[in-house]
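Enquirer: starting from these lines, generate the structure:
(chains A, B, C and D)
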Protein chains: 4
Amino acid sequence: MKIGPQTHRASAISTSNEETIVVRGRDLCAQLIGRISFTDHVWLLVTGDLPNPAQRRVLDATLVAIAEHGLVPSVQASRMTLAAAPEALQGAVAAGILGCGSVILGAAESAGHLLQAVITRAGVSPSLEIAATDVVREYTTARRPVPGYGHPLHKSYDPRARRLLEVSREAGTDGKYAEAASAIEHVLPGITGKPLAMNVSGAIPAVLLDAGYPLLALKGVPILARTASLIAHLLEEQTRPIGFVLSHAGASAIDYDGER
Amino acid sequence: MKIGPQTHRASAISTSNEETIVVRGRDLCAQLIGRISFTDHVWLLVTGDLPNPAQRRVLDATLVAIAEHGLVPSVQASRMTLAAAPEALQGAVAAGILGCGSVILGAAESAGHLLQAVITRAGVSPSLEIAATDVVREYTTARRPVPGYGHPLHKSYDPRARRLLEVSREAGTDGKYAEAASAIEHVLPGITGKPLAMNVSGAIPAVLLDAGYPLLALKGVPILARTASLIAHLLEEQTRPIGFVLSHAGASAIDYDGER
Amino acid sequence: MKIGPQTHRASAISTSNEETIVVRGRDLCAQLIGRISFTDHVWLLVTGDLPNPAQRRVLDATLVAIAEHGLVPSVQASRMTLAAAPEALQGAVAAGILGCGSVILGAAESAGHLLQAVITRAGVSPSLEIAATDVVREYTTARRPVPGYGHPLHKSYDPRARRLLEVSREAGTDGKYAEAASAIEHVLPGITGKPLAMNVSGAIPAVLLDAGYPLLALKGVPILARTASLIAHLLEEQTRPIGFVLSHAGASAIDYDGER
Amino acid sequence: MKIGPQTHRASAISTSNEETIVVRGRDLCAQLIGRISFTDHVWLLVTGDLPNPAQRRVLDATLVAIAEHGLVPSVQASRMTLAAAPEALQGAVAAGILGCGSVILGAAESAGHLLQAVITRAGVSPSLEIAATDVVREYTTARRPVPGYGHPLHKSYDPRARRLLEVSREAGTDGKYAEAASAIEHVLPGITGKPLAMNVSGAIPAVLLDAGYPLLALKGVPILARTASLIAHLLEEQTRPIGFVLSHAGASAIDYDGER
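Expert: Numbers count the residues shown, from 1 in each chain, chains lettered A, B, ... in the order given. Next comes the predicted model:
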């Protein structure tokens, strides 16, 4: 059974024969292995071109920024999964990645769409600030959360967001997306009645889109970064297990209120 | 209900308060973001220390080498999953990672255990070659596959394996694991009756273990690298979908031979 | 760090002590095991009450109807995953379930929301048909697919949908949701210009909602049913493997059109 | 690239054309939907034949027995995943299934292999008890856990195991596997020095193998049963969320003992 129109029957990422592997038009062994960094390779895989030094520095900064933040839900799900299924490290990593969703790590992508909407609106608005106000009002009117702002722990400001904007300025890639992100931060308190500082998921699209990284691949950044963190946690779980401590503590925090 | 002894109640990876996030003893924002590469960060997360330049170069080389090799099964599973469930990129990435198992990408870890066994045996053997022969014979006697050797496409040699060993020599980290890997390659044809060249999953543990990367975290390397490749394929799938072309071709290749 | 308000700290599904396990207010061992069917148990777990015979029959019918339809994408992803990672059956099942998304098996839930919208609209419309027309027009105007109608193979009608509606009438549970589903099928050709017959994902919410099954748990029905099918396919994969045949056929159907 | 020999190019589970879907040789719509229970269908999918009433009753009993046991690790991982990624119910189910591994729910399959080993040994042993002793000694000598015995909560006996054996006797399917399971329970204290009662994962293979269910599909039973439970928990999570309560409690139970 054919599902959908199937008009595309090609892929432009890689081809190979017995002697040679070509990735994005480069000979993998002759031109890439040992010559470029993994971050260069990520950029190449995603965009088809190698990054310039500023682009590489910004992508490195975002991957370092979002990789690790302690025993967050996705890390706990991953460690519990390894404790229950130690034969499959890949399953524990997958369980952790499944928690990179719209509420937690996926906010980087939704924030990217928000920034894009503000910039598009600014083209027909008297000012960036008015465009930001209009778009944020549409979100709050539709009871949609404003992605990329506010954090349960870093309430007054998210130090990672500040540092990422700084790196972007140092690298000279800062531009309209960072301006849009700051404009939103500026107008938010007046609209929502509470200060909501830009968080790391707001800063990541700001600095990456300014550096030329594609919007549709934004969600891959926290997923890739978190994978690195999961591997570290799963190595620790193999040597100093806490997976069942976590689940015992979780279960103990919940009462049963059903029929007896 | 408490499962297991629960003697460990600690983690040494990260801690944070409202102003500061500490990762492996470093201030994430002041010392890491914008100052180190993602590959440095991976090494830091996994081992607790930053790599030296040679270690970083070897880890970069392995991540670049194993990331992408066209429409392999894990990539196809991932693209089909996104075609069926476009609302959850993380689910499509997870589906791809679940195919990093013992037969395909997980061979890097099993090959690491093989190399370790040969080196341990060499301590009580007349020569490395004899140690390699003995260990490989134990594998074949037990009908276990010898992980890290032979490839369905790169039959005479895997160009990625060659290049990785070269990078390791260039970086000056080459040592006993690479020697063990070569010894196995040397004795294999005499034992199995067919030439089985070292593949990328044999070379990765050789160069990483020589560089000081921990054995138990080996499986994380192909998983992390493949995640980057999956993100590129899923970006392509969003813009030039082939997921249902793949499944249509797959189904067409299989006959029904059950009752009618 | 506390994420969200955390006002709920209770679960009403199960509690236990050393001698007794209580599920939804019943003693699992004394009242349920050996006394009720698995389908009864599913209904009990989801709703808190045991089904009457008509409800059980309808739930059985939907689970049987949606479980298996050959080498669909989720089955292929699952079988490829087992071929690559035979050590983890649970990983292969998970890979298959990840393909139960909005485009393929998840349509049962979105169709449930569509039926609900038509019924709600009918309360303020001159007729059910006008309500169906209005709601479908809103979908097509917003370029949203109309979930539950049309099938790539069963073009003139989906025999499973017909049979499910028949079972619902036999069981005496048929009601307004089935009427709404038929009203949509009736008005669709006039709006879209092409005949789109109700498919199994349109019939499942119709008969289940009429039987009193909760809307928010609809998506669980195809997931549970498909899990049964995946287990059968994975047993076959262990004994007569085709996972790599599928991936070889898939890769062969795609050209490389990138740089060389 | 072709991986493996690819000698099999067929599947015997299902075929279809525009009008008819055939599952295991039956017309799905004419013979199965509305006529058989989901449990019948599971047996048919897995074995190719419909079960007799005794077989159906035993399979129903095992599925009911293993589906739900409160906030176990897999349920917590699943609920945390939905809290973080509410857009993808299938991802939360998959995260829960990934925790059906060798340590927790997968024990049913390993216990099946244990029972099979005892029965095979009994053919060349003076008695079943001696066969059980020999096989269990081999496990403990190799420091392998003896799967299917002992439980962290149900220490003196697992009420589900008792009830399953009782149902098997009521159904008249009890036989050599149940005898082997009881023989192991009898000899275990003398070998390990502690009483280890048969748990639900020991009783499931005993009663299912006696009823004619295939050994290689045993692991599917807890996975399928747990999927039903996950769907109930995820419905509760949508209406009374506790996912982030669980993760907060888990994180609070763990100290940071790394560098500062």
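Enquirer: got the residue ranges for the strands in the stretch 151-260 of chain A?
Expert: A:255-256 (DSSP state E, counting those that start in this stretch).
Enquirer: in it, which residue sits nearest chain C?
Expert: Closest residue of the stretch 151-260 of chain A to chain C, Cβ to the nearest Cβ: residue A:259 (2.7 Å). Where C-beta positions appear, they are placed from N, C-alpha and C, glycine not excepted.
Enquirer: who's in contact with that residue?
Expert: Counting by Cβ atoms under 8 Å, 6 or more residues apart in numbering or on different chains, residue A:259 touches C:12, C:22, C:24, C:25, C:48.
Enquirer: kindly state the pLDDT recorded for it?
Expert: pLDDT, residue A:259: 88.
Enquirer: leaving out chain neighbours, which residue sits closest to residue A:109?
Expert: Among residues not flanking residue A:109 along the chain, residue A:219 sits closest, at 3.9 Å (Cβ to Cβ, 6 or more residues apart in numbering or on different chains).
Enquirer: work out the gap between stretch A:114-122 and the centre of the chain.
Expert: Remark: stretch A:114-122 is offset 19 Å from the chain centroid, using Cα atoms, centre = their mean, to the nearest Å.
Enquirer: which residues touch the nearest residue to residue A:158 once chain neighbours are set aside?
Expert: Using Cβ to Cβ, 6+ apart and skipping the chain neighbours, the partner closest in space to residue A:158 is residue A:199 (4.3 Å). Residue A:199 makes contacts with A:107, A:148, A:149, A:150, A:151, A:154, A:158, A:160, A:161, as judged by Cβ under 8 Å, 6+ apart.
Enquirer: which one of the contacts of residue A:259 sits closest to residue C:88?
Expert: Ranked by distance to residue C:88 (Cβ to Cβ), these are led by residue C:24 at 31.1 Å.
Enquirer: phi, psi for the closest one please.
Expert: phi 50, psi 40 (degrees, to the nearest 10).
Enquirer: buried subset of the contacts of residue A:259 as a PyMOL selection?
Expert: Only the buried entries of the contacts of residue A:259 go into this PyMOL selection, using 16 or more other Cβ atoms under 10 Å in any protein chain shown:
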select buried, chain C and resi 12+22+24+25
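Enquirer: what's the most distant pair in the contacts of residue A:259?
Expert: It's C:22 and C:48 that sit farthest apart of those, by Cβ to Cβ, at 12.4 Å.
Enquirer: common neighbours of these two, please.
Expert: What both residue C:22 and residue C:48 touch, as defined by Cβ under 8 Å, 6+ apart, is the set A:258, A:259.
Enquirer: give me the neighbour count for residue A:137.
Expert: 12 (other Cβ atoms under 10 Å in any protein chain shown).
Enquirer: residues contacting the residue nearest to residue A:109?
Expert: Contacts of residue A:219 (Cβ under 8 Å, 6+ apart): A:100, A:106, A:108, A:109, B:89, B:90.
Enquirer: roughly how far apart are the second one and chain B?
Expert: Pointing back at residue A:106 there. 7 Å (Cβ to the nearest Cβ, to the nearest Å).
Enquirer: so what pLDDT did that residue get?
Expert: pLDDT, residue A:106: 81.
Enquirer: other residues contacting stretch A:62-69?
Expert: Against stretch A:62-69 from outside (Cβ under 8 Å, 6+ apart): A:39, A:42, A:105, A:108, A:160, A:163-164, A:200-201, A:203-204, A:207-208, A:221-222, A:224-226, A:228-229, A:232, B:13-14, B:16, B:21, B:23, B:28-29, B:32-34, B:36-38, B:41, B:45.
Enquirer: got it, and stretch A:164-177?
Expert: Stretch A:164-177 is contacted from outside by A:54-55, A:57-58, A:61-62, A:65, A:115, A:119, A:178, A:181-182, A:200, A:203-207, A:209-212, B:33-34, using Cβ under 8 Å, 6+ apart.
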